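Asker: starting from these lines, generate the structure:
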Amino acid sequence: MWTKGGPVPGLIEDYALIGDLQTAALVGKDGSIDWLCLPRFDSAACFAALLGDEENGQWRIAPAGADQCTRRAYRGDTLVLETFWETATGIVKVIDFMPQRDRAPDVMRIVEGVSGTVQMRSELRLRFDYGSIVPWMRRAEGHRIAVAGPDSVWLRSYPPQLPMYGKDFCTYADFSVSAGESVAFVLTWHPSHETRPRRVDPHDALPHAIEDWEKWSAQCTYDGPWREAVLRSLITLKALTYAPTGGIAAAVTTSLPEEIGGVRNWDYRFCWLRDATLTLNAMVSSGYLQEAAKWRDWLLRAVAGDPADLQIMYGISGERRLPEYEVPWLKGYETSAPVRIGNAAAGQLQLDVYGEVLDSLHLARNSGLSDDKHAWSLQRALMDFLESNWREPDEGLWEVRGPRRHFVHSKVMAWVAADRAVHTLEAQPKRGGDLAGWRAMRDQVHLEVCKRGYDNERSTFTQFYGSTQLDAATLLIPQVGFLPPSDPRVIGTVDAVRRELNHGGLVRRYTLDEKAVDGLPGDEGAFLACSFWLADALHTTGREREARELFGHLLSLRNDVGLLAEEWDPVSRRQLGNFPQAFSHIGLVNTALSLSGVRKGA
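Answerer: The predicted structure is shown next:
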């Protein structure tokens, strides 16, 4: 989106994703890369216009004077983006991709003439440290080099003699392409104290990048009616994976708002344990055992240590310290401030993560993944802690910043932890463990939840003990096996959530009113993952037609290249929250698998 005063970020759904399995960039319909962190997902951004304006860093390649592209799409089952521009003088295509890196991260942009002749412009504004530092630019060895502190970025063109010039701390290139001609650019990050990175010709790199993605996509075993949507979501999950460790970032962005102009803006460039079982389910059920094994191994490394120190999230390499701070020089997406870096919720107590860890490891074993010899010792330690602490209040799945409560979902997941431990030990008694104690805990949790977390008058489970408020997480009760789908309490809960948390035909996470427990002002959109859970719940309770209708509606909310953010605003009809959101795409895959009858389950 461009205005008289200069470019401003477009709608969240105007962006497409490119990446190299260690970081990722967002490319707008206007041809501008408005978000890119180098060298990792959680590094400081060198393009941060998404959360500010053009002076916070961006790189736009587009026909001179053009606003938005005519159309765009990924090339087949890859993460190679092709954007077409139809102008009065001809048609041009821009190919954006990041090859899986050898050493240094490269952003490659190839401009190809399709017909006629089109005048093009490249505008590069590099701003390190989330848009706050203007680097020193110089020329050397056929490159434009930007340096500031530990960071350096090298820009080169193909052909190398393409004229570039600097003006107002921006690097420009004006050129034309005719049918059959091409001009390419490569932007490479490198530590500033090291020598020039190895040059990679983008024309040589492109077929290899396509081949890498096509080879990976061909492993997908799902062949149901929603294969295109499922595979695109799996590709997105793969793109969110940090290849060196196997950790999966929840999103590539920070602080995209849950309410335009509001304060519900969080950093999602980390790995949440809440995603573990659902991610493993999606991968295993779709044929990606290697990715499932790497995620399981990341999980084991991250949670190793004292069970009392278990966190709800970790860095992409398993880092524990994720201090949260604000960056005041960024005005926020559509003035949604503050912009936050890091996430203080990492220090919260959320008892449900113990259940999620044990459930995911149980699923991994049942799916045939090789069992780590130390994994059972870790699980026993987690159970010892949970036996003594499951009765404590916590902050719950949604990381509320209000007082701790006895959240029903947290207690249900404590039951899941005990249940999975019991089943494992019953099947393999030689592993050793407190079978009698775990059985007793499982029974006690079940009895307490059904007594204190269920509203008999309204026939529904509630958000926390003694509450009349609802929580969409209770839709997972039949999915995790706490109660069968046919149980009247399950059916009543599904109906109540569907009715009382309805937001434009989708589902909110929980009740938002003056009694809301999250301790935050403002509103938010419908939560897409929860809406997929509702489709699952309708399916498991026998309402197949309604489940498929809801799933079809959710699919229609994807943007033109198949991506979803965290939430959807039914009023303004736009996506909200960090993007693309792993939790939303995991929900899409698992619901498609459930409706197709191929989901393995825990």
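Asker: which other helices and strands does the lengthiest helix in the chain contact?
Answerer: The single longest helix within the chain, with elements called by DSSP state H, is helix 408-427. Contacts defined by 3 or more Cβ pairs under 8 Å, 6 or more residues apart in numbering; DSSP states H and E place helix 408-427 against helix 352-366, helix 375-389, helix 435-452. No exception for glycine: its C-beta is placed from N, CA and C like everyone else's.
Asker: give me the buried positions along stretch 71-89.
Answerer: For stretch 71-89, burial by neighbour count (16 or more other Cβ atoms under 10 Å) applies to 72, 74-75, 77-83, 85-87.
Asker: and those, which is closest to L538?
Answerer: Nearest to L538 among the buried residues of stretch 71-89 is D77, at 29.7 Å by Cβ to Cβ.
Asker: list the contacts of that closest one.
Answerer: By Cβ atoms under 8 Å, 6 or more residues apart in numbering, the contact set of D77 is 213-214, 217-218, 231-232, 235.
Asker: show me which of these is closest to G368.
Answerer: Lowest distance from G368 to the contacts of D77 (Cβ to Cβ) belongs to A218, with 20.7 Å.
Asker: Three-state assignment for the residue lying closest to that closest one once chain neighbours are set aside, please.
Answerer: Spatial nearest neighbour of A218, excluding adjacent residues (Cβ to Cβ, 6 or more residues apart in numbering): D77 at 7.8 Å. At D77 the chain is in coil, as set by DSSP: H, G, I helix; E, B strand; the rest coil.
Asker: how about S572?
Answerer: Three-state call for S572 (three-state DSSP): coil.
Asker: give me the distance between it and W415.
Answerer: 39 Å (Cβ to Cβ, to the nearest Å).
Asker: burial count for A229?
Answerer: A229: 18 surrounding residues under other Cβ atoms under 10 Å.
Asker: repeat for H362
Answerer: Each residue near H362 was counted by other Cβ under 10 Å, and the total is 21.
Asker: tell me which two in the buried residues of stretch 71-89 are the farthest apart.
Answerer: D77 and T87 (29.5 Å).
Asker: select only the buried ones of the contacts of D77 in PyMOL?
Answerer: Buried members of the contacts of D77, defined by 16+ other Cβ under 10 Å, are picked up in PyMOL with:
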select buried, resi 213+217+231+232+235
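Asker: let's see which of the contacts of D77 end up in helices.
Answerer: Counting by DSSP H, those contribute 213-214, 217, 231-232, 235 to helices.
Asker: can you put those in CSV and add distance to F270 and pLDDT?
Answerer: Output for the ones in helices among the contacts of D77, formatted as CSV (distance: Cβ to Cβ, whole Å; pLDDT from 0 to 100):
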residue, distance to F270, pLDDT
W213, 25, 98
E214, 30, 98
S217, 26, 98
L231, 26, 98
R232, 23, 98
I235, 21, 98
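Asker: among those residues, which pair sits farthest apart?
Answerer: Maximum pairwise distance in the ones in helices among the contacts of D77, criterion Cβ to Cβ, is 13.7 Å, between E214 and R232.
Asker: where does pLDDT dip in the stretch 301-450 of the chain?
Answerer: Applying pLDDT under 70 to the stretch 301-450 of the chain flags residues 372.
Asker: tell me where the stretch 201-350 of the chain has helices.
Answerer: Counting by DSSP state H, counting those that start in this stretch, the stretch 201-350 of the chain has helices at residues 202-217, 227-239, 276-285, 289-303.
Asker: Throw those helices into JSON lines and include distance to E123, thanks.
Answerer: Output for these, formatted as JSON lines (distance: least, Cβ to Cβ, whole Å):
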{"stretch": "helix 202-217", "distance to E123": "19"}
{"stretch": "helix 227-239", "distance to E123": "26"}
{"stretch": "helix 276-285", "distance to E123": "38"}
{"stretch": "helix 289-303", "distance to E123": "37"}
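Asker: strands of the stretch 501-602 of the chain, residue ranges please.
Answerer: For the stretch 501-602 of the chain, the strands defined by DSSP state E, counting those that start in this stretch cover 502-503, 506-507, 526-527, 567-569, 574-576.
Asker: so what does the third one touch, helix or strand wise?
Answerer: With contacts defined as 3+ Cβ pairs under 8 Å, 6+ apart, strand 526-527 has these neighbours: strand 506-507, strand 567-569.
Asker: same thing but at 10 Å, please
Answerer: Counting contacts by 3 or more Cβ pairs under 10 Å, 6 or more residues apart in numbering; DSSP states H and E, strand 526-527 is packed against strand 502-503, strand 506-507, strand 567-569, helix 582-596.
Asker: on that earlier part again, buried ones in the longest helix of the chain?
Answerer: Quick answer for helix 408-427 (16+ other Cβ under 10 Å): 408-425.
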